[in-house]
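Chemist: Prediction below, plus the sequence it came from.
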Amino acid sequence: MGMGDYMGKSEVDERGRITIPKELRDKLGFKSGDSVRLTATKDGVTIEKAINLSFFIEELRGCITIEGDLDPLKLKEIWRTVP
């Protein structure tokens, strides 16, 4: 078993679904309708909240203060150089 607290047991149903125990959903802040990202690891699977693109864009609003047109590739280059 990986790191972290054991938070319950679940089974895969006939449609491949797994129910995340309520205590774990509450601890992680997962709510009905949230999107999640599943990643295979050497020990199993990690489950993370997927980034909601609309929320992400709204959170970034005002972070870019350069006037005029900005090439997205130039922005990507700038972000790579920030420590």
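Modeler: Received it, and whenever you're ready, just let me know what you need. All figures in this text were calculated on a predicted structure; none of them were measured in a lab.

Chemist: which residues in this structure form helices?
Modeler: In the chain, helices defined by DSSP state H lie at 22-28, 53-60, 72-81, listed in chain order.

Chemist: Just tell me which of those ends up closest to residue 12.
Modeler: The stretch from the helices of the chain with the least distance to residue 12 (Cβ to Cβ) is helix 22-28; that distance is 16.1 Å. C-beta: built from backbone N, CA, C; applies to glycine.

Chemist: could you give the mean pLDDT of that closest one?
Modeler: In this model, helix 22-28 has an average pLDDT of 90.

Chemist: do the same with stretch 55-64
Modeler: In this model, stretch 55-64 carries a mean pLDDT of 77.

Chemist: Compute the first-to-last residue distance for stretch 38-53.
Modeler: Chord length of stretch 38-53, first to last residue, is 17 Å (Cα to Cα, to the nearest Å).

Chemist: Touching it from outside, list them.
Modeler: The contact list for stretch 38-53 (Cβ atoms under 8 Å, 6 or more residues apart in numbering) reads 1-2, 20, 28-30, 34-37.

Chemist: Got a PyMOL select line for the buried ones in those?
Modeler: Selecting only the buried members of these in PyMOL, with burial defined as 16 or more other Cβ atoms under 10 Å, works like this:
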select buried, resi 30
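
Chemist: most neighbours per residue, which of the helices of the chain?
Modeler: Stretch with highest mean neighbour count among the helices of the chain: helix 22-28 (a mean of 13; mean count of other Cβ atoms under 10 Å).

Chemist: can I get the CA coordinates of it in CSV?
Modeler: Coordinates of each C-alpha in helix 22-28 appear next as CSV, following Å, rounded to 0.1, in the frame of the first residue of the first chain:
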residue,chain,number,x,y,z
LYS,A,22,-17.8,9.4,1.7
GLU,A,23,-15.2,10.0,4.3
LEU,A,24,-12.5,10.1,1.6
ARG,A,25,-14.7,12.3,-0.7
ASP,A,26,-15.2,14.7,2.1
LYS,A,27,-11.5,14.8,3.0
LEU,A,28,-10.5,15.5,-0.6
